[in-house]
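S.K.: After the sequence you'll find the predicted model.
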Amino acid sequence: MLCNKNIVEMDICIIGGGLTGLSAAYSLRGKADITILEKKGGLGGCLSSSKAKKGYIEDFYHHCFSGDKNLFELSESLGILDELDWLSGSTGYYVNGKINPLTTPLEILRYPHLTITDKIRLGLLTLHSQKYDLSGLDDISAKDFIIEKCGNGVYSSFFEPLLKSKFGDMRESVSAAWLISRIAIRSDRKTGGEKLGYFKSGYNTLIEALKAELLKSGCKIKENSSAESIFFNGSGWEVNGIPYDILISTINPSKLEEKGGPAISKIPYQGAACMAIGLKKEVTSGIYWLNMKDDAPYGAVIGHTNFVSPERYGEHIVYLASYFSEKPAEDLKQIMIEDFCRRFSVAENEINWYRLTVEKFAGPVYTKGYKKLIPEYEKDGLFMAGMFSLPNYPERSMEGSIIAGKTVASEIIRKYTI
Ligand SMILES: Cc1cc2nc3c(=O)[nH]c(=O)nc-3n(C[C@H](O)[C@H](O)[C@H](O)COP(=O)(O)OP(=O)(O)OC[C@H]3O[C@@H](n4cnc5c(N)ncnc54)[C@H](O)[C@@H]3O)c2cc1C
C-alpha cells in the first residue's frame, strides 16, 4: 500500500479529462480531494466538441449502442438520460465512384460487388458473430479468419478496404477478435438500419453535465495543464512537483513512462485525423455511414445530418474519417477537402466551413495477441485506466472508458477505505 491514509484524507490527481478521467472523478467525488489535469483547453478528450453554426458538434463522430448500460446509468444519474434519442443509422459502400446503399436486405441483395455465395457466407458470419468466443480469436488475424470462413472474395472486396481504411499498413496484424466484435455490434439492426443513440444537443451534453457535477462537488479541474513530469516520492506521487497521495493516469502508458511512470508492455496506438464539414447540401444519398472502397484520403464519409436532423444545425454536416500510424501528411487538410469536393461534386460556395481535428493517440490497434498487453489497473502504486484497459477490449468506446474509470475508482475506494 502506498500510504496508510483513509481515502477521505487523500489528494488524488487524475491525468486526463477524457471520459475515463471524468468517470473516475465522478465515482470518487465527495470521497477525496480530487484534481483533474487536462492538457487541452477543454474537457472530453476524443469526445470533445466544438461550436457549430448552431450549438455544438463533436470533433470526432460519435454514437452509442443499445447495450451501453454504464453510459445510460451515468446519464440517468446526471439527469440527462431523457436527452438521449434513438436514431436510425443507414450504411453504404462507395465503390468505383458510386454510392451503394447497404442497409436493407434488398439493398444488400442488389449490391453488385459480391457474388450470391459471398453474400450468403457474409450473412452467416454476421448471424454467428454474437456467438463467437472472442478470447479464442485474439491470436488469429482478421485476414486469416475471414479467408477461412468466407473466402478470398469476401476478404478482398469487402473486408480488406474496411481494414485498410481503419488500420492502414497494420491491417494484416489486426486480430479476428476485433473484427468479430465490430461485426457483432453493428449487426444489431432492423430493416431501416441500426438504432444508435445520440444526445439531442450532442455528446457535449454529457461532458458538460459531468463537469458541472464535478465542480459542484468540489473537484478541481485544471484545463491547459499538462502533466509533464511524475515522480514517486516514497509515500505518494508528485506531478509537476505537486505531491498527491494517489495518481490515476488515463493517458497512453508509453507517454506516461516518458514522464516518469512505470515501464509496461507497449500498447500499439494509432492516430485519427477527422475533418468535419458544414455544407449547404446533402452529399451521401441519405446515408449515414458510407465506407470508401475507392482509394481516397479518408476511409469513410459520415453523413452526420443523415442521422441527426440538419435542422438542428441549420446546415448539413459530414465527417471525413481517416487514421494514421506515424503522423498525418503535412497537407492532409487540403488533400482531403479537394478530394471530397471533386468526388462528391461540391462547389467551394457550397461549403460553410471545415475543420480538421488530429489526435495522435486516438485508440489502440488491436493486433494479434493484444489481450496479453493489457495492463492491470495498478502498477507500482500508480493507477492506470483508459482506452487501453480491459473494458475497452477488443474495441475502445465511450462505454468502455466509463467502465474503466468506474473500475479504477472502485479499486481505490476498496483499497483505501479503512
Ligand atoms: C474518431 C473516433 C470516433 C469515435 N467514435 C465513437 C463512437 O461512435 N462510439 C463510442 O462509443 N466511442 C467512440 N470513440 C471512442 C471514444 O471516444 C473513446 O473510447 C473515449 O472517449 C476515450 O476516453 P478516454 O478518457 O479513455 O481517452 P481520451 O479521450 O483520449 O482522454 C485522455 C485525455 O488525456 C489528455 N492528456 C493526454 N496527455 C496528457 C497530459 N500529459 N496531461 C494532461 N492531460 C493529458 C488528453 O488531452 C485527453 O483529453 C471514438 C473515438 C475516435 C477517436
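M.R.: Done, it's in. Numbers count the residues shown, from 1 in each chain.
S.K.: can you map out the helices along the chain?
M.R.: For the chain, the helices defined by DSSP state H occupy 19-28, 69-78, 105-110, 116-128, 142-150, 152-154, 160-167, 176-186, 204-216, 253-258, 332-343, 398-416.
S.K.: Could you say which of those is packed most deeply?
M.R.: helix 19-28 (a mean of 28; mean count of other Cβ atoms under 10 Å). Quick note: C-beta positions are derived from backbone N, CA and C, even for glycine.
S.K.: Touching that helix from outside, list them.
M.R.: Helix 19-28 has contacts (Cβ atoms under 8 Å, 6 or more residues apart in numbering) with 12, 14-15, 34, 36, 38, 43-47, 74, 207, 210-211, 213-214, 219, 248, 250, 385-387, 389, 398, 401-406, 408-410, 412-413.
S.K.: How about it and the ligand, any contact?
M.R.: Yes. Helix 19-28 lies within reach of the ligand by Cβ under 6 Å from any ligand atom, at 19-21.
S.K.: and which of these is nearest residue 104?
M.R.: Nearest to residue 104, judged by Cβ to Cβ, of the residues of helix 19-28 next to the ligand is residue 19 at 33.4 Å.
S.K.: The ligand versus the spatially closest residue to that closest one that is not a sequence neighbour, what's the distance?
M.R.: Take residue 19 and drop its neighbours on the chain: the residue closest to it by Cβ to Cβ, 6 or more residues apart in numbering is residue 401, 4.0 Å away. From residue 401 across to the ligand, the span is 4 Å (Cβ to the nearest ligand atom, to the nearest Å).
S.K.: repeat for residue 259
M.R.: From residue 259 over to the ligand (counting by Cβ to the nearest ligand atom), the distance is 7 Å.
S.K.: That residue: neighbour count?
M.R.: 17 (other Cβ atoms under 10 Å).
S.K.: please renumber so the chain begins at 30
M.R.: Sure, I'll start numbering at 30, so the last one becomes residue 288.
S.K.: low pLDDT regions in the stretch 30-179 of the chain?
M.R.: Residue ranges of the stretch 30-179 of the chain with pLDDT under 70: 30-32.
S.K.: Tell me the residues of it that contact the ligand?
M.R.: Residues of the stretch 30-179 of the chain lying near the ligand by Cβ under 6 Å from any ligand atom: 44-50, 66-69, 74-76, 89-93.
S.K.: Counting only strands, which of the residues you listed make the cut?
M.R.: 44, 66 (DSSP state E).
S.K.: The longest strand belonging to the chain packs against which elements?
M.R.: When the chain is parsed with DSSP E, its longest strand is strand 380-393. Where contact means 3 or more Cβ pairs under 8 Å, 6 or more residues apart in numbering; DSSP states H and E, strand 380-393 is packed against strand 298-308, helix 361-372.
S.K.: From the contact counts, what lies against the last one?
M.R.: Under the contact criterion of 3+ Cβ pairs under 8 Å, 6+ apart, helix 361-372 touches strand 298-308, strand 345-353, strand 380-393.
S.K.: make it 6 Å
M.R.: Based on contacts counted as 3 or more Cβ pairs under 6 Å, 6 or more residues apart in numbering; DSSP states H and E, there is no element that helix 361-372 packs against.
S.K.: and what of the first one?
M.R.: Secondary-structure packing of strand 298-308 (3+ Cβ pairs under 6 Å, 6+ apart): strand 345-353, strand 380-393.
S.K.: Let me have these in a markdown table, extended by distance to residue 153.
M.R.: Supplementary listing: these in a markdown table, determined by distance: least, Cβ to Cβ, whole Å:
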| stretch | distance to residue 153 |
| --- | --- |
| strand 345-353 | 28 |
| strand 380-393 | 29 |
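S.K.: which of those strands sits most buried?
M.R.: The most buried one of the helices and strands packed on strand 298-308 (mean count of other Cβ under 10 Å) is strand 345-353, showing a mean of 22.
S.K.: for that one, what is the average pLDDT?
M.R.: For strand 345-353, mean pLDDT rounds to 97.
S.K.: Sheet-wise, list the partners of that strand with their directions.
M.R.: Counting by DSSP bridges, the strands paired with strand 345-353 are strand 298-308 (antiparallel), strand 329-332 (antiparallel).
S.K.: Convert the C-alpha atoms of the last one to CSV, please.
M.R.: Listed in CSV are the C-alpha atoms of strand 329-332, where the atom choice follows Å, rounded to 0.1, in the frame of the first residue of the first chain:
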residue,chain,number,x,y,z
ALA,A,329,-15.4,6.7,-44.5
VAL,A,330,-17.7,9.7,-45.1
ILE,A,331,-20.1,10.1,-42.2
GLY,A,332,-23.3,11.9,-43.2
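S.K.: Pull the residues that contact it.
M.R.: 90, 313, 316-320, 347-350 (Cβ atoms under 6 Å, 6 or more residues apart in numbering).
S.K.: how about that strand, does it reach the ligand?
M.R.: No. If you take Cβ under 6 Å from any ligand atom as the test, strand 329-332 misses the ligand, and the best it gets is 9.2 Å.
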